[in-house]
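Student: Got a sequence here, can you model it:
(one chain, ligands or ions: 2)
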Amino acid sequence: MAKKRILSGMRPTGPLHLGNLHGALANWKDMQDDYECYFFIADWHALTTDYDSTEPIRGNIHNVFLDWLSVGLSPEKSTLFVQSYVKEHAELFLLLSMITPLPWLERNPTYKEQIAQLENRDLSTFGFLGYPVLQAADIIMYKANGVPVGIDQAPHVELTREIARRFNHFYGDIFPVPETILTETSKILGLDRRKMSKSYNNAIFLSDSPKEIRKKVSRMITDPQRARRTDPGNPDICNVFAFHQLYSDKKTPQRIDPECRSAEIGCVECKKLMAENLINALEPIREKRSYYEDHPEIVSEVMDDGNHRAHKVARQTMEEVREAVKI
Ligand code: TRP
Ligand code: SF4
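Tutor: Numbering: from 1, shown residues only. Ligands and ions are numbered 1, 2, ... in the order given. Below you'll find the model as predicted:
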């Protein structure tokens with residue numbers, strides 16, 4: 001039986017961090033063997049919030065590609081591409097915008113949330129309201145059967161389903177209605193125990209050097225109740241402990257758990273141990289990254305090749321779409 005097709009994307013807003021790795025990338029990497037995968041960089045979507053500062057976008061695209069390749073997304077298994085290279089996305093976006101009722105967009109929860117959150121930006125634009133319509137075009141262009149996303153993006157896939165149904169209803173059965181494949185959110189938090197995010201300045205990046213990692217880990221907030229070295233700690237609520245569970249061998253958290261509760265081990269020592277294990281665990285990623293950093297031409301080739309492959313599929317879809325819409 002033919003493999004099912006999945007598609008997902010990321011906006012090129014900056015270097016990827018451990019939250020992205022455990023939230024999305026590790027999952028994408030595993031799915032490569034079971035699905036026909038399309039992964040792309042949504043650079044037009046980056047414009048919806050950052051239209052006044054487009055300078056970093058190109059560099060970010062290159063860096064996200066580096067991050068992708070270094071964690072093991074593979075151009076042999078998946079089609080890795082850049083949204084704006086495939087202009088057909090814009091054409092399909094236009095056609096979908098004709099059939100998408102405004103109330104569907106106005107009641108989109110991420111729309112209201114983001115406007116409230118990013119209050120220093122003027123988001124009263126047509127493009128920002130239409131964000132999910134462009135996302136729908138991205139998805140159905142490749143006739144994806146599934147879309148792996150975190151819970152925050154689930155409303156957009158839901159809208160995509162409605163838009164695909166509406167298109168099929170008007171113009172004929174062209175598009176599969178894609179399933180949401182919910183990705184578990186990462187259990188690890190940022191250095192300050194908030195969600196790990198570049199904009200909170202609390203992230204450990206895949207591209208951080210061992211030295212940077214040691215420095216950041218030493219800054220991590222542990223059990224906030226544990227003020228003094230002699231106070232007992234609670235690993236259940238400690239983010240450093242969560243890192244140990246992910247990056248240290250099994251025995252380490254088993255040993256640390258009682259030692260923390262009895263104040264035998266101090267946070268400084270516990271963090272030092274964790275930092276070294278984290279550094280070791282990320283070594284294969286760093287190694288691959290440094291190879292691709294030395295060979296930027298290979299990264300460009302991979303990108304060109306993915307872009308061409310995606311473009312071919314999109315061209316085919318748009319021929320069907322134009323035929324169906326009769327325009
Ligand atoms: N909106 C997604 C995000 O911010 C990025 C994205 C754009 C996307 N198009 C997509 C994700 C299509 C999945 C499918 O993370
Ligand atoms: Fe957290 Fe380790 Fe400190 Fe316990 S000893 S509070 S697990 S950092």
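Student: Could you tell me which residues within the top helix by length along the chain count as buried?
Tutor: Determined from DSSP state H, the single longest helix within the chain is helix 296-325. Buried residues in helix 296-325, counting neighbours by 16 or more other C-beta atoms under 10 Å, are found at 299, 302-303, 306-307, 309-310, 313-314, 317-318, 321, 324. C-betas here are computed from N, CA, C, even on glycine.
Student: and the residues you listed as a markdown table, adding distance to ligand 1 and pLDDT?
Tutor: Formatted as a markdown table, those follow (distance: C-beta to the nearest ligand atom, whole Å; pLDDT from 0 to 100):
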| residue | distance to ligand 1 | pLDDT |
| --- | --- | --- |
| V299 | 21 | 95 |
| V302 | 20 | 97 |
| M303 | 17 | 97 |
| G306 | 15 | 98 |
| N307 | 16 | 98 |
| R309 | 17 | 98 |
| A310 | 13 | 98 |
| V313 | 15 | 98 |
| A314 | 13 | 98 |
| T317 | 15 | 98 |
| M318 | 17 | 98 |
| V321 | 18 | 98 |
| A324 | 22 | 98 |
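Student: Export those residues to a markdown table and append columns for distance to Y35.
Tutor: A markdown table is the format used below for the buried residues of helix 296-325 (distance: C-beta to C-beta, whole Å):
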| residue | distance to Y35 |
| --- | --- |
| V299 | 24 |
| V302 | 19 |
| M303 | 21 |
| G306 | 16 |
| N307 | 20 |
| R309 | 15 |
| A310 | 16 |
| V313 | 15 |
| A314 | 19 |
| T317 | 18 |
| M318 | 23 |
| V321 | 24 |
| A324 | 26 |
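Student: Just the element for R289, please.
Tutor: helix 283-294 (DSSP states H and E).
Student: And that helix, what does it pack against?
Tutor: In terms of contacts (3 or more C-beta pairs under 8 Å, 6 or more residues apart in numbering; DSSP states H and E), helix 283-294 is packed against helix 57-71.
Student: same for the helix it packs on, what does it pack against?
Tutor: strand 36-41, helix 43-50, strand 78-82, helix 283-294, helix 296-325.
Student: Show me the contact partners of the fourth one.
Tutor: By C-beta atoms under 8 Å, 6 or more residues apart in numbering, the residues outside helix 283-294 that reach it are 66-67, 69-72, 206-207, 298-299.
Student: where exactly do the helices run in the stretch 51-200 of the chain?
Tutor: 57-71, 88-99, 102-106, 109-117, 126-129, 131-141, 154-171 (DSSP state H, counting those that start in this stretch).
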